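Peer 1: next one to model:
(one chain, ligands or ions: 1)
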Amino acid sequence: MNYTEKIKESATFIKSRLPKNPDVAIVLGSGLGDLAEQIQNPIVMPYASIPNFMQSTAVGHKGNLIYGELGGKAVLAMQGRFHYYEGYSMEQVTLPIRVMNALGISTLFVSNAAGGINPEFRVGDLMIIEDQINLMPNPLVGKNMEEFGPRFPDMTRPYDLDLIKTCKKIAEQQDISLQEGVYVGGTGPSYETPAEYKYFRIIGGDAVGMSTVPEVIVARHGSMRVFGMSVITNEGFNFTHDFVNDENDVVEAAGKAAKKMTVLFTEMIRSL
Ligand code: HPA
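Peer 2: Numbers count the residues shown, from 1 in each chain. Below you'll find the predicted structure:
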């Protein structure tokens with residue numbers, strides 16, 4: 001079965017299980033699966049039950065596709081995502097985004113846990129992703145999928161400006177403070193050396209992680225509207241001699257900030 005047929009097969013399977021087409025897709029990053037608990041009348045589809053979906057092996061990633069209501073809209077949320085560092089190809093990493101696009105979902109919310117490289121940032125901060133830098137292989141390399149989008153997709157506005165505006169308005173109403181910045185996506189799985197954190201800052205990054213960027217490239221190729229948020233889980237600009245980067249600390253820090261992000265996503269979805 002070729003890639004296009006796999007996308008269609010997964011989409012057909014998912015569609016057959018849903019009472020109605022979702023309005024919004026959500027990807028929940030490390031430690032951020034909490035939002036999924038707020039989804040009303042959930043239909044939970046483990047990835048293992050969906051044709052062509054991979055297993056989620058990353059820490060803090062559960063591995064369910066969840067349909068239900070959030071903010072009065074029908075949403076389809078990925079509780080856990082696929083990463084390049086898990087050994088999946090870029091086609092595999094981004095298959096769920098293609099499937100959501102094929103289902104006709106036009107708005108995508110992505111989230112992740114990320115290392116802070118802007119010295120103003122603190123652990124637990126939420127950062128609106130205003131732009132991104134791709135340091136991974138581009139997921140669109142290969143024959144262009146004309147049915148989704150053009151060979152050379154525009155990436156001038158990867159993150160939707162209206163959604164960013166809405167987020168800021170809601171954050172103000174809810175008294176949630178926000179950072180805003182550029183997300184750098186690397187392959188991982190090793191965390192960055194101090195020299196690499198410094199380098200990412202110099203090239204214009206504010207936060208660094210191992211996901212999101214391929215998903216957003218594929219979503220934009222398919223003309224989806226994208227909103228992205230990082231939860232800052234370390235301060236990668238200020239390592240003391242005894243600091244070590246640890247995945248469990250990342251998940252814990254993300255979990256603590258997850259409630260704020262849940263409120264923002266819910267109210268943003270309500271306003272769509
Ligand atoms: N680097 C890369 N990915 C991450 C980090 C980091 O410091 N923190 C959480 N995800």
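
Peer 1: when you work out contacts or count neighbours from here on, use the C-alpha atoms and nothing else.
Peer 2: Fine.

Peer 1: just name the shakiest helix or strand of the chain by mean pLDDT.
Peer 2: helix 247-270 (a mean of 90; mean pLDDT, DSSP states H and E).

Peer 1: in CSV, could you pull the C-alpha coordinates for it?
Peer 2: The C-alpha trace of helix 247-270 is given here as CSV (Å, rounded to 0.1, in the frame of the first residue of the first chain):
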residue,chain,number,x,y,z
GLU,A,247,13.2,13.6,30.7
ASN,A,248,11.2,13.1,33.9
ASP,A,249,11.8,16.7,35.0
VAL,A,250,10.6,17.8,31.6
VAL,A,251,7.4,15.8,31.9
GLU,A,252,6.8,17.1,35.5
ALA,A,253,7.4,20.7,34.6
ALA,A,254,5.1,20.4,31.6
GLY,A,255,2.4,18.8,33.7
LYS,A,256,2.4,21.7,36.1
ALA,A,257,1.8,24.2,33.3
ALA,A,258,-0.6,22.0,31.5
LYS,A,259,-3.7,23.4,33.2
LYS,A,260,-3.0,27.0,32.0
MET,A,261,-2.6,25.7,28.5
THR,A,262,-5.8,23.7,28.7
VAL,A,263,-7.7,26.8,29.6
LEU,A,264,-6.2,28.8,26.7
PHE,A,265,-6.8,26.1,24.1
THR,A,266,-10.4,25.5,25.4
GLU,A,267,-11.3,29.2,25.3
MET,A,268,-9.6,29.7,21.9
ILE,A,269,-11.5,26.7,20.4
ARG,A,270,-14.8,28.1,21.9
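
Peer 1: how about that helix: buried residues?
Peer 2: For helix 247-270, the neighbour count (16 or more other Cα atoms under 10 Å) marks 250-258, 260-269 as buried.

Peer 1: also near the ligand: which of those residues, exactly?
Peer 2: Counting by Cα under 6 Å from any ligand atom, residue 250 from those sit close to the ligand.

Peer 1: I figured residue 206 hits residue 116, correct?
Peer 2: Yes - the pair residue 206 and residue 116 passes the contact test of Cα atoms under 8 Å, sitting 6.3 Å apart.

Peer 1: any chance you could map the helices in the stretch 101-250 of the chain?
Peer 2: 161-173, 194-202, 213-221, 247-270 (DSSP state H, counting those that start in this stretch).

Peer 1: helices or strands next to the third one in the packing?
Peer 2: Helix 213-221 makes packing contacts with helix 90-102, strand 126-134, strand 225-235 when contacts are defined by 3 or more Cα pairs under 8 Å, 6 or more residues apart in numbering; DSSP states H and E.

Peer 1: please identify the most buried of those.
Peer 2: Across the helices and strands packed on helix 213-221, averaging neighbours per residue (mean count of other Cα atoms under 10 Å) puts strand 225-235 on top, at a mean of 26.

Peer 1: so how far is that one off the chain centroid?
Peer 2: 8 Å (Cα atoms, centre = their mean, to the nearest Å).
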